[in-house]
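> Sequence isn't available, so here's the structure alone:
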Ligand SMILES: [Zn+2]
(Lines give C-alpha, C1' and ligand atoms only; values in the text may rest on other atoms or scores of the structure.)
Protein backbone atom coordinates (compact mmCIF):
# COMPACT_ATOMS: atom_id res chain seq x y z
CA UNK A 1 0.00 0.00 0.00
CA UNK A 2 1.21 3.46 -0.86
CA UNK A 3 -0.55 6.39 0.74
CA UNK A 4 -0.44 10.09 0.11
CA UNK A 5 -0.11 12.45 3.05
CA UNK A 6 0.72 16.05 3.73
CA UNK A 7 4.21 16.67 5.07
CA UNK A 8 3.43 19.59 7.36
CA UNK A 9 5.72 22.56 7.33
CA UNK A 10 6.86 24.13 10.59
CA UNK A 11 4.44 27.05 10.20
CA UNK A 12 1.44 24.71 9.83
CA UNK A 13 -0.69 24.13 12.93
CA UNK A 14 -0.58 20.36 12.34
CA UNK A 15 3.18 20.41 12.84
CA UNK A 16 2.55 20.71 16.61
CA UNK A 17 2.98 17.09 17.69
CA UNK A 18 1.47 17.58 21.16
CA UNK A 19 -1.81 18.93 19.90
CA UNK A 20 -1.95 16.74 16.79
CA UNK A 21 -0.23 13.43 17.59
CA UNK A 22 -1.07 11.97 14.19
CA UNK A 23 -0.14 14.69 11.69
CA UNK A 24 -0.60 12.47 8.62
CA UNK A 25 -4.31 12.25 9.31
CA UNK A 26 -4.79 15.93 8.57
CA UNK A 27 -4.93 17.21 5.05
CA UNK A 28 -6.98 20.42 5.18
CA UNK A 29 -3.94 22.67 4.80
CA UNK A 30 -1.62 23.52 1.90
CA UNK A 31 1.52 21.65 2.95
CA UNK A 32 3.35 19.60 0.25
CA UNK A 33 1.85 16.22 -0.67
CA UNK A 34 4.18 13.25 -0.20
CA UNK A 35 3.82 9.50 -0.62
CA UNK A 36 4.90 6.67 1.60
CA UNK A 37 4.61 2.90 1.39
CA UNK A 38 5.52 0.04 -0.87
CA UNK A 39 3.87 -2.16 -3.42
CA UNK A 40 4.49 -5.63 -4.70
CA UNK A 41 4.73 -6.22 -8.45
CA UNK A 42 3.15 -9.28 -10.15
CA UNK A 43 6.62 -10.87 -10.15
CA UNK A 44 6.79 -10.54 -6.36
CA UNK A 45 9.24 -7.64 -6.26
CA UNK A 46 8.79 -5.20 -3.43
CA UNK A 47 9.10 -1.54 -4.38
CA UNK A 48 9.36 1.20 -1.80
CA UNK A 49 7.80 4.51 -2.80
CA UNK A 50 8.58 7.53 -0.74
CA UNK A 51 9.08 11.21 -1.35
CA UNK A 52 7.47 14.35 -2.64
CA UNK A 53 4.72 14.36 -5.25
CA UNK A 54 5.73 17.90 -6.24
CA UNK A 55 2.39 19.47 -5.51
CA UNK A 56 0.38 21.10 -2.73
CA UNK A 57 -2.90 20.19 -4.40
CA UNK A 58 -4.36 17.05 -2.80
CA UNK A 59 -6.30 15.94 -5.88
CA UNK A 60 -3.32 16.47 -8.18
CA UNK A 61 -1.13 14.47 -5.79
CA UNK A 62 -3.61 11.58 -5.90
CA UNK A 63 -3.66 11.60 -9.73
CA UNK A 64 0.14 11.60 -9.89
CA UNK A 65 0.44 8.80 -7.35
CA UNK A 66 -2.08 6.61 -9.19
CA UNK A 67 -0.25 7.20 -12.45
CA UNK A 68 2.96 6.02 -10.82
CA UNK A 69 1.42 2.95 -9.22
CA UNK A 70 -0.60 1.62 -12.19
CA UNK A 71 2.27 0.48 -14.44
CA UNK A 72 3.98 -1.26 -11.48
CA UNK A 73 0.87 -3.30 -10.84
CA UNK A 74 0.71 -4.27 -14.53
CA UNK A 75 4.37 -5.29 -14.36
CA UNK A 76 5.47 -2.62 -16.84
CA UNK A 77 8.65 -0.63 -16.54
CA UNK A 78 7.90 2.70 -14.93
CA UNK A 79 8.50 6.14 -16.27
CA UNK A 80 7.45 8.92 -13.99
CA UNK A 81 4.65 10.49 -15.99
CA UNK A 82 5.31 13.96 -17.22
CA UNK A 83 3.04 16.78 -16.08
CA UNK A 84 1.46 19.25 -18.50
CA UNK A 85 3.56 22.03 -17.06
CA UNK A 86 6.87 20.12 -17.34
CA UNK A 87 6.08 19.05 -20.89
CA UNK A 88 5.34 22.62 -21.99
CA UNK A 89 8.43 24.03 -20.25
CA UNK A 90 10.67 21.35 -21.76
CA UNK A 91 9.21 21.85 -25.22
CA UNK A 92 9.70 25.63 -25.12
CA UNK A 93 13.24 25.23 -23.80
CA UNK A 94 14.04 22.88 -26.69
CA UNK A 95 12.57 25.32 -29.21
CA UNK A 96 14.56 28.21 -27.74
CA UNK A 97 17.72 26.17 -28.31
CA UNK A 98 16.71 24.90 -31.76
CA UNK A 99 15.75 28.21 -33.27
CA UNK A 100 18.62 30.65 -33.73
CA UNK A 101 18.17 34.19 -32.50
CA UNK A 102 17.37 36.41 -35.46
CA UNK A 103 20.57 38.38 -35.75
CA UNK A 104 20.33 38.31 -39.55
CA UNK A 105 17.73 41.05 -39.69
CA UNK A 106 19.84 43.83 -38.25
CA UNK A 107 18.51 46.93 -36.55
CA UNK A 108 14.98 48.08 -36.13
CA UNK A 109 13.65 50.22 -38.97
CA UNK A 110 12.66 53.85 -38.40
CA UNK A 111 9.01 53.06 -38.88
CA UNK A 112 9.06 50.24 -36.33
CA UNK A 113 10.87 52.48 -33.80
CA UNK A 114 8.33 55.27 -34.40
CA UNK A 115 5.44 52.83 -34.00
CA UNK A 116 6.87 51.42 -30.76
CA UNK A 117 7.51 54.90 -29.36
CA UNK A 118 3.96 55.98 -30.05
CA UNK A 119 2.54 52.81 -28.51
CA UNK A 120 4.94 52.56 -25.60
CA UNK A 121 5.94 49.02 -26.53
CA UNK A 122 9.36 47.53 -26.24
CA UNK A 123 11.03 45.25 -28.71
CA UNK A 124 10.56 41.57 -27.95
CA UNK A 125 13.59 39.67 -26.84
CA UNK A 126 12.01 36.32 -27.57
CA UNK A 127 12.07 34.93 -31.07
CA UNK A 128 8.74 35.08 -32.88
CA UNK A 129 9.05 31.40 -33.63
CA UNK A 130 9.06 30.50 -29.95
CA UNK A 131 6.41 33.04 -29.07
CA UNK A 132 3.92 31.51 -31.48
CA UNK A 133 4.11 28.25 -29.53
CA UNK A 134 3.83 30.02 -26.20
CA UNK A 135 0.74 31.88 -27.49
CA UNK A 136 -1.20 28.63 -27.60
CA UNK A 137 0.57 26.65 -24.84
CA UNK A 138 0.12 29.22 -22.07
CA UNK A 139 -3.68 29.11 -22.43
CA UNK A 140 -3.43 25.29 -22.60
CA UNK A 141 -1.66 25.28 -19.23
CA UNK A 142 -4.41 27.46 -17.73
CA UNK A 143 -7.11 25.27 -19.27
CA UNK A 144 -5.55 22.11 -17.79
CA UNK A 145 -5.27 23.72 -14.37
CA UNK A 146 -8.96 24.65 -14.43
CA UNK A 147 -9.98 21.19 -15.51
CA UNK A 148 -7.83 19.19 -13.10
CA UNK A 149 -5.59 17.83 -15.86
CA UNK A 150 -2.22 17.37 -14.22
CA UNK A 151 -0.52 14.79 -16.41
CA UNK A 152 0.01 15.24 -20.11
CA UNK A 153 -1.46 11.81 -20.83
CA UNK A 154 -4.78 12.85 -19.25
CA UNK A 155 -5.49 15.25 -22.14
CA UNK A 156 -7.94 13.75 -24.63
CA UNK A 157 -9.30 14.89 -27.99
CA UNK A 158 -12.50 15.96 -26.20
CA UNK A 159 -10.51 18.20 -23.88
CA UNK A 160 -8.76 19.78 -26.85
CA UNK A 161 -12.11 20.31 -28.59
CA UNK A 162 -13.32 22.20 -25.56
CA UNK A 163 -10.05 24.12 -25.30
CA UNK A 164 -10.31 25.05 -28.97
CA UNK A 165 -13.81 26.44 -28.59
CA UNK A 166 -12.52 28.91 -25.96
CA UNK A 167 -9.84 30.50 -28.15
CA UNK A 168 -10.07 34.27 -28.25
CA UNK A 169 -8.84 36.80 -30.75
CA UNK A 170 -6.95 40.03 -30.20
CA UNK A 171 -7.83 41.96 -27.06
CA UNK A 172 -9.70 45.24 -27.37
CA UNK A 173 -8.43 47.99 -25.08
CA UNK A 174 -10.12 50.88 -23.34
CA UNK A 175 -8.02 53.28 -21.27
CA UNK A 176 -5.10 50.91 -21.49
CA UNK A 177 -7.06 47.98 -20.08
CA UNK A 178 -8.27 44.86 -21.84
CA UNK A 179 -12.06 45.10 -21.94
CA UNK A 180 -12.93 42.40 -24.42
CA UNK A 181 -11.55 40.10 -27.08
CA UNK A 182 -12.29 39.94 -30.76
CA UNK A 183 -13.48 36.68 -32.23
CA UNK A 184 -10.56 34.53 -33.27
CA UNK A 185 -10.30 34.31 -37.04
CA UNK A 186 -10.38 30.94 -38.79
CA UNK A 187 -6.82 31.56 -39.98
CA UNK A 188 -5.72 32.26 -36.40
CA UNK A 189 -7.44 29.11 -35.16
CA UNK A 190 -5.75 27.10 -37.88
CA UNK A 191 -2.30 28.39 -36.84
CA UNK A 192 -3.02 27.68 -33.16
CA UNK A 193 -4.05 24.16 -34.02
CA UNK A 194 -0.95 23.57 -36.15
CA UNK A 195 1.31 24.68 -33.30
CA UNK A 196 -0.64 22.59 -30.81
CA UNK A 197 -0.16 19.55 -33.05
CA UNK A 198 3.58 20.26 -33.27
CA UNK A 199 3.77 20.32 -29.47
CA UNK A 200 1.96 17.00 -29.08
CA UNK A 201 4.01 15.41 -31.88
CA UNK A 202 7.14 16.42 -29.97
CA UNK A 203 5.65 14.82 -26.85
CA UNK A 204 5.03 11.56 -28.75
CA UNK A 205 8.58 11.63 -30.18
CA UNK A 206 10.00 12.01 -26.70
CA UNK A 207 7.76 9.16 -25.51
CA UNK A 208 6.06 11.36 -22.94
CA UNK A 209 2.73 10.12 -24.30
CA UNK A 210 1.73 7.35 -26.71
CA UNK A 211 -0.75 9.11 -28.98
CA UNK A 212 -1.16 12.65 -30.23
CA UNK A 213 -4.64 13.82 -29.18
CA UNK A 214 -4.38 16.93 -31.38
CA UNK A 215 -4.00 14.87 -34.55
CA UNK A 216 -7.62 13.73 -34.27
CA UNK A 217 -9.09 17.22 -34.10
CA UNK A 218 -11.25 18.11 -37.08
CA UNK A 219 -9.75 20.37 -39.69
CA UNK A 220 -10.31 24.10 -39.36
CA UNK A 221 -11.73 25.53 -42.57
CA UNK A 222 -10.43 28.91 -43.62
CA UNK A 223 -12.80 30.71 -45.99
CA UNK A 224 -11.35 32.23 -49.17
CA UNK A 225 -10.35 35.76 -48.41
CA UNK A 226 -12.60 38.53 -49.68
CA UNK A 227 -10.86 41.70 -50.82
CA UNK A 228 -12.38 44.83 -49.31
CA UNK A 229 -11.01 47.95 -51.00
CA UNK A 230 -10.07 50.86 -48.74
CA UNK A 231 -12.86 53.34 -48.06
CA UNK A 232 -12.24 57.08 -48.62
CA UNK A 233 -11.91 57.51 -44.84
CA UNK A 234 -9.29 54.77 -44.65
CA UNK A 235 -7.39 56.55 -47.41
CA UNK A 236 -7.49 59.86 -45.50
CA UNK A 237 -6.31 58.10 -42.32
CA UNK A 238 -3.51 56.44 -44.27
CA UNK A 239 -2.35 59.76 -45.73
CA UNK A 240 -2.50 61.41 -42.28
CA UNK A 241 -0.32 58.83 -40.60
CA UNK A 242 2.48 58.82 -43.19
CA UNK A 243 4.62 61.42 -41.51
CA UNK A 244 4.64 60.01 -37.95
CA UNK A 245 5.03 56.43 -39.17
CA UNK A 246 7.63 56.80 -41.91
CA UNK A 247 9.62 59.93 -40.93
CA UNK A 248 12.62 59.04 -43.07
CA UNK A 249 10.72 58.11 -46.20
CA UNK A 250 8.44 61.09 -45.68
CA UNK A 251 11.47 63.39 -45.83
CA UNK A 252 12.87 61.63 -48.89
CA UNK A 253 9.56 61.88 -50.67
CA UNK A 254 9.18 65.57 -49.82
CA UNK A 255 12.48 66.23 -51.47
CA UNK A 256 11.01 65.06 -54.75
CA UNK A 257 7.46 66.26 -54.66
CA UNK A 258 4.66 65.80 -52.25
CA UNK A 259 3.92 62.81 -50.04
CA UNK A 260 0.27 62.75 -50.92
CA UNK A 261 1.10 62.62 -54.58
CA UNK A 262 3.55 59.82 -53.94
CA UNK A 263 0.94 57.85 -52.10
CA UNK A 264 -1.51 58.39 -54.93
CA UNK A 265 1.13 57.02 -57.25
CA UNK A 266 1.56 54.07 -54.91
CA UNK A 267 -2.16 53.53 -54.89
CA UNK A 268 -2.64 53.78 -58.62
CA UNK A 269 0.50 52.07 -59.81
CA UNK A 270 0.93 49.37 -57.17
CA UNK A 271 4.65 50.14 -57.21
CA UNK A 272 6.90 49.51 -54.24
CA UNK A 273 7.70 52.48 -51.96
CA UNK A 274 11.36 52.32 -52.90
CA UNK A 275 10.51 52.60 -56.60
CA UNK A 276 8.14 55.53 -56.15
CA UNK A 277 10.73 57.44 -54.11
CA UNK A 278 13.24 57.05 -56.94
CA UNK A 279 10.85 58.15 -59.71
CA UNK A 280 12.31 60.84 -62.00
CA UNK A 281 10.45 63.14 -64.39
CA UNK A 282 11.88 61.27 -67.38
CA UNK A 283 10.21 58.06 -66.18
CA UNK A 284 6.86 59.52 -67.15
CA UNK A 285 6.02 59.17 -70.82
CA UNK A 286 4.26 61.89 -72.87
CA UNK A 287 1.04 59.89 -72.58
CA UNK A 288 1.25 60.07 -68.75
CA UNK A 289 2.40 56.53 -68.20
CA UNK A 290 5.16 55.52 -65.80
CA UNK A 291 7.85 53.48 -67.43
CA UNK A 292 10.57 52.12 -65.12
CA UNK A 293 12.22 48.87 -64.23
CA UNK A 294 11.03 47.91 -60.77
CA UNK A 295 13.48 46.59 -58.19
CA UNK A 296 11.85 43.22 -57.76
CA UNK A 297 10.44 42.22 -61.12
CA UNK A 298 11.97 44.52 -63.71
CA UNK A 299 8.52 44.80 -65.24
CA UNK A 300 7.08 48.00 -66.64
CA UNK A 301 3.82 49.05 -65.00
CA UNK A 302 1.70 51.58 -66.83
CA UNK A 303 -0.47 54.17 -65.15
ZN1 LIG B 1 0.02 21.26 7.01
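Happy to help now that I have it. From a predicted model like this one, the values you see are computed outputs, not experimental measurements.
> Please make it C-alpha for all contacts and neighbour counts, starting now.
OK.
> which strands and helices sit next to the helix or strand harbouring residue 235?
Using DSSP states H and E, the element containing residue 235 is helix 232-240. For helix 232-240, there is no helix or strand it packs on, judged by 3 or more CA pairs under 8 Å, 6 or more residues apart in numbering; DSSP states H and E.
> Any chance of the backbone angles for the residue in the stretch 201-303 of the chain that the ion sits nearest to?
Taking CA to the ion as the measure, the stretch 201-303 of the chain has residue 208 as its residue closest to the ion, at 32.1 Å. Taking degrees, to the nearest 10, you get phi -80, psi -30 for the backbone angles of residue 208.
> buried sites along the helix or strand where residue 71 lies?
Counting by DSSP H and E, the element that carries residue 71 is helix 58-73. In terms of neighbour count (16 or more other CA atoms under 10 Å), helix 58-73 has its buried residues at 58, 60, 61, 62, 63, 64, 65, 67, 68, 69, 72.
> Just put those residues in a markdown table and tack on distance to residue 280.
As requested, the buried residues of helix 58-73 are exported to a markdown table (distance: CA to CA, whole Å):
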| residue | distance to residue 280 |
| --- | --- |
| 58 | 75 |
| 60 | 71 |
| 61 | 74 |
| 62 | 76 |
| 63 | 74 |
| 64 | 73 |
| 65 | 76 |
| 67 | 74 |
| 68 | 76 |
| 69 | 79 |
| 72 | 80 |
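> Pick the one among these closest to the ion.
Nearest member of the buried residues of helix 58-73 to the ion, counting by CA to the ion, is residue 58, at 11.5 Å.
> Surely that closest one is in contact with residue 33?
Yes. Proximity of residue 58 to residue 33 meets the contact threshold set by CA atoms under 8 Å, at 6.6 Å.
> Report how many residues lie close to residue 167.
As a burial measure, residue 167 scores 17 neighbours (other CA atoms under 10 Å).
> Confirm for me that it is in contact with residue 186.
No. Assessed by CA under 8 Å, residue 167 is found out of contact with residue 186, at 10.7 Å.
> Break this protein into its domains for me.
Structural domains assigned to the chain are 2-73, 84-216, 227-303, following automatic domain parsing.
> Next one, pLDDT for the closest residue to the ion within the chain please.
For the chain, the residue closest to the ion is residue 8, as judged by CA to the ion, at 3.8 Å. Model confidence at residue 8, expressed as pLDDT, equals 95.
> secondary structure element for residue 3?
Residue-wise, residue 3 maps onto strand 2-6 under DSSP H and E.
> If you count neighbours, what's buried in that strand?
2, 4, 5, 6.
> What is the lowest-pLDDT residue among those?
Comparing pLDDT over those, the lowest score belongs to residue 2 (89).
> tell me the secondary structure for residue 169?
Secondary structure state of residue 169, per DSSP: H, G, I helix; E, B strand; the rest coil, is strand.
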